[in-house]
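Trainee: Using only what follows, build the 3D model:
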Amino acid sequence: MNTATLVAELRALLDERGLLTEVADMAPYAHDWRGLFSGTPLCVALPRSTEEVSAVVRACAAAGCALVPYGGNTGLSGGATPDGSGRQVVLSLSRMAAIRKIDVFGETIELEAGCVLQTAQEAAAEHGLLLPVTLAAEGSARIGGVVSTNAGGTNVLRYGMTRSRVLGLEVVTADGQIVDGMRQLRKDNAGYDWKQWFIGTEGTLGIVTRAVLQLAPMPRYRVTALLAVPATAAALNVLRAARQAIGDTLTAFELMSGAALELVARHQQLRLPMGDSSWFVLLEASSSLAGLRDAVEAFLGEVLERGEVSDAVVAESERQEAELWALRESITEAESKEGPSIKHDVSVPISQIPAFLMAADSAVVREFPGTRVNAFGHAGDGNIHYNLLVPPGTDSSAVNALVHDVVVAHGGSISAEHGVGQYRVGELLRCKSPAEIALAQRIKKALDPRNLLNPGKVLPIQ
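Mentor: Numbers count the residues shown, from 1 in each chain. As a prediction, the model looks like this:
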């Protein structure tokens, strides 16, 4: 590959703002958000249209040059970071950020891949509609990255992962072909549902350029409560009781250890509105029907009377709601201030959460003395962020292997919502069955036979 010739060709294809080649200009694109991975881009392409994306992909394909799609750099697995060869082109769609259309009757939004998630949420809200993909990084995450990583968040319990919101996609394939599937249909069984090949595959099979997402009615009422529970088994009893009492109005059910909130109180100076407890649940319910608060309070009275909850606080205002959510959303930052940690984004069947935590805690303490567990997450969908504060010099690979073995033993996944990227490739190969890996490699070979799209992410380079 003649890199100088390729750069010149890309410069001719794009406008004066469309190609970055200076080291200082490319610096933000050369490392991941967590600072775990860094690389050296050949250049950074910033096209303004799907046609320009196609032209860039065709030029890179002709030159045999790999492309690394780049969203808002909010991923936690290094999936958008180039390697150190200086021979990969980073492709950012940040200049393709238009919201094309909102259909208030069909409750859909059509938008370009570079649109920031929060911008899309705000646009939907102006029409009384909700884009229910909710992330801590929603102010930076871009729709293309959200779709390509199948992002999760706190509302999965009610609204599902991003995959369940995608009705249509426009994609540029590895050879530069534009595939337009921008349909707004809830029902479409006419052949393969090919858009699923590009959701959650982290840009390794194609580049998402536009999307149609399913919205939902904006709830008129919301109730947020913080509950103290004695154990994770009690938390599951509360979850089941909530599902029976208030049904699908239950929007979020977040589990937080007492140790996690102790870190928050110490490092973030946030006050816990009740006494200490081994575990806490942050519960949110929402509905457009009146009477929601009465129903939630009746349910809380029942679980308090049965002893499954030892204390409960129900927010009385939007400010108090924000204060309760701040406890949950500050855990990661508080953890970073405490010291080095090894993070695990895992999922297990909901019924296995207590057994998984017990087994993992026991194994970690036994094999890595001095390690402290910081566990929290979306218990309503089985996703636990099992983070470990470790002594200096701890072998992170050994820790990951130990935790993931416990996850697999309990029927779980080593990545619930953060993806594989380059961070978990080795563990994916170790934990997935050979047949599953072989099938994934066959799909990759069929859609990207020269391995030019985000090589080394999700699957190893062959």
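Trainee: Over to stretch 341-353 now: how far is its first residue from its last?
Mentor: Stretch 341-353 has an end-to-end distance of 21 Å (Cα to Cα, to the nearest Å).
Trainee: and residue 434, what does it touch?
Mentor: The contact partners of residue 434, by Cβ atoms under 8 Å, 6 or more residues apart in numbering, come to none. All C-beta atoms are positioned from the backbone trio N, CA, C, and that covers glycine.
Trainee: Tell me the spacing between it and residue 441.
Mentor: 10 Å (Cβ to Cβ, to the nearest Å).
Trainee: Give me the buried positions along stretch 453-462.
Mentor: 453, 454, 455, 456, 457, 458, 459 (16 or more other Cβ atoms under 10 Å).
Trainee: now stretch 357-371
Mentor: Under 16+ other Cβ under 10 Å, the buried positions of stretch 357-371 are 357, 359, 360, 361, 364, 368, 371.
Trainee: same deal with stretch 436-443?
Mentor: Neighbour-count burial for stretch 436-443 [16+ other Cβ under 10 Å]: 437, 440.
Trainee: Please apply the same query to stretch 225-242.
Mentor: Those would be 225-229, 232-239, 241-242, for stretch 225-242 by 16+ other Cβ under 10 Å.
Trainee: Okay, and which of those map to strands?
Mentor: Cross-referencing the buried residues of stretch 225-242 against strands under DSSP state E gives 225, 226, 227, 228, 229.
Trainee: The third one: what's it in contact with?
Mentor: Spelled out, that is residue 227. 238, 280, 281, 282, 283, 300, 303, 309, 311, 312 are the contacts of residue 227 under Cβ under 8 Å, 6+ apart.
Trainee: isn't the first one right up against residue 308?
Mentor: Yes - using Cβ atoms under 8 Å, residue 238 is in contact with residue 308, at 5.4 Å.
Trainee: Name the residues contacting each of the two.
Mentor: The contact lists of residue 238 and residue 308 share residue 229, where a contact means Cβ under 8 Å, 6+ apart.
Trainee: Can you tell me the SS state at residue 357?
Mentor: Here residue 357 is helix, with the state taken from DSSP: H, G, I helix; E, B strand; the rest coil.
Trainee: no, scratch that, I was asking about residue 354
Mentor: Residue 354 is classified as helix under three-state DSSP.
Trainee: Over to residue 335?
Mentor: Classification of residue 335 using three-state DSSP returns helix.
Trainee: Count the neighbours of it for me.
Mentor: Using other Cβ atoms under 10 Å, residue 335 has 23 neighbouring residues.
Trainee: From residue 252, how far out is the closest residue to residue 203 other than its chain neighbours?
Mentor: Once flanking residues are discounted, residue 203 sits nearest to residue 69: 3.6 Å by Cβ to Cβ, 6 or more residues apart in numbering. Distance of residue 69 to residue 252, given as Cβ to Cβ: 30 Å.
Trainee: again with residue 224
Mentor: Relative to residue 252, and taking Cβ to Cβ, residue 224 is found at 9 Å.
Trainee: Residues in contact with both of the two, list them for me.
Mentor: Listed as contacting both residue 224 and residue 252 by Cβ under 8 Å, 6+ apart are 282, 283, 284.
Trainee: Nearest to residue 134 among the residues you listed?
Mentor: Nearest to residue 134 among those: residue 284, at 10.4 Å, using Cβ to Cβ.
Trainee: Quick check, pLDDT for the closest residue to residue 194 other than its chain neighbours.
Mentor: Leaving aside its chain neighbours, residue 194 sits nearest to residue 181 (7.0 Å; criterion: Cβ to Cβ, 6+ apart). On pLDDT, residue 181 comes in at 97.
Trainee: what do you get for residue 306?
Mentor: The model reports residue 306 with a pLDDT of 95.
Trainee: for it, phi and psi?
Mentor: Torsion angles at residue 306 (phi, psi; degrees, to the nearest 10) stand at phi -80, psi -10.
Trainee: now do residue 257
Mentor: Dihedral angles for residue 257 - degrees, to the nearest 10 - are phi -80, psi 160.
Trainee: Kindly state the beta-bridge partners for it.
Mentor: On DSSP bridges, the residues paired with residue 257 through beta bridges are residue 279.
Trainee: hey, where'd the strands end up in the stretch 51-200 of the chain?
Mentor: Taking DSSP state E, counting those that start in this stretch as the criterion, the stretch 51-200 of the chain contains strands spanning 66-70, 88-92, 99-103, 108-112, 129-130, 166-172, 178-181.
Trainee: Out of the ones you listed, which is closest to residue 219?
Mentor: Closest to residue 219 of these, according to Cβ to Cβ: strand 129-130, at 7.2 Å.
Trainee: what's in contact with that closest one?
Mentor: Contact with strand 129-130 is made by 102, 104, 107, 109, 121, 124, 215, 216, 217, 218, 219, as judged by Cβ under 8 Å, 6+ apart.
Trainee: Counting neighbours, which of the residues you listed comes out on top?
Mentor: Within the contacts of strand 129-130, most neighbours by other Cβ under 10 Å means residue 109, with 27 neighbours.
Trainee: just checking, that residue touches residue 122?
Mentor: No - at 11.2 Å, residue 109 does not count as touching residue 122 under the criterion of Cβ under 8 Å.
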